[in-house]
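1. What follows is a protein structure lacking sequence information:
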């Protein structure tokens, strides 16, 4: 099993900033990609940002230039720095990680989700 624990959500005013963190633990051999998704009320879950490591990152058009995803491979942790937050960024944010488990990856691949953290942007 691979567990993801998120933190950093909360209430912030429009124009403010928040930083989300997500730490992966368990019998991880390698992490192919880590990312953030969000689900707004009444909407399907959508990709916010994903990174496969290094300088590789993809962002939803709605957050480009405002959000930055980064990863600390030594801690199996991914971050999402959110700046210039807008009311439409209000959502439950979920961390996702994909990789392989066990010694040398012999336990196969995994695709795990965190429990979600609420971000509310409101004055």
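-> Looks like it arrived, so ask away. Every value quoted in this text rests on a predicted model; they were computed, and no experiment measured them.
2. Do me a favour and get the end-to-end distance for stretch 96-111?
-> Chord length of stretch 96-111, first to last residue, is 7 Å (CA to CA, to the nearest Å).
3. repeat for stretch 19-38
-> End-to-end distance of stretch 19-38 (CA to CA): 14 Å.
4. what's the residue lying closest to residue 27 once chain neighbours are set aside sitting at in phi/psi?
-> The shortest distance from residue 27 to any non-neighbouring residue, by CB to CB, 6 or more residues apart in numbering, is to residue 101 (4.9 Å). Bear in mind the C-beta positions are built from the backbone N, C-alpha and C, glycine included. Note on residue 101: its backbone torsions stand at phi -120, psi 160 [degrees, to the nearest 10].
5. Now do the same contact list for residue 101.
-> Contacts for residue 101 (CB atoms under 8 Å, 6 or more residues apart in numbering) come out as 2, 26, 27, 28, 29, 107, 108, 109, 110.
6. List just the nearest of these to residue 86.
-> residue 2 (32.3 Å; CB to CB).
7. Thought residue 112 was touching that closest one, still the case?
-> Yes. Using CB atoms under 8 Å, residue 2 is in contact with residue 112, at 4.5 Å.
8. where do the contact lists of these two overlap?
-> By CB under 8 Å, 6+ apart, the residues touching both residue 2 and residue 112 are 24, 97.
9. roughly how far is the helix or strand where residue 49 lies from the heart of the chain?
-> Assessed by DSSP states H and E, residue 49 sits inside strand 46-53. Strand 46-53 sits 7 Å away from the centroid of its parent chain (CA atoms, centre = their mean, to the nearest Å).
10. Could you pick out the buried ones from the contacts of residue 101?
-> For these, a burial check counting by 16 or more other CB atoms under 10 Å picks out 2, 26, 28, 29, 107, 110.
11. Against residue 98, how distant is the nearest residue to the last one once chain neighbours are set aside?
-> Ranked by CB to CB, 6+ apart and with sequence neighbours excluded, the top spatial neighbour of residue 110 is residue 2, at 4.9 Å. Here the distance between residue 2 and residue 98 works out to 10 Å (CB to CB, to the nearest Å).
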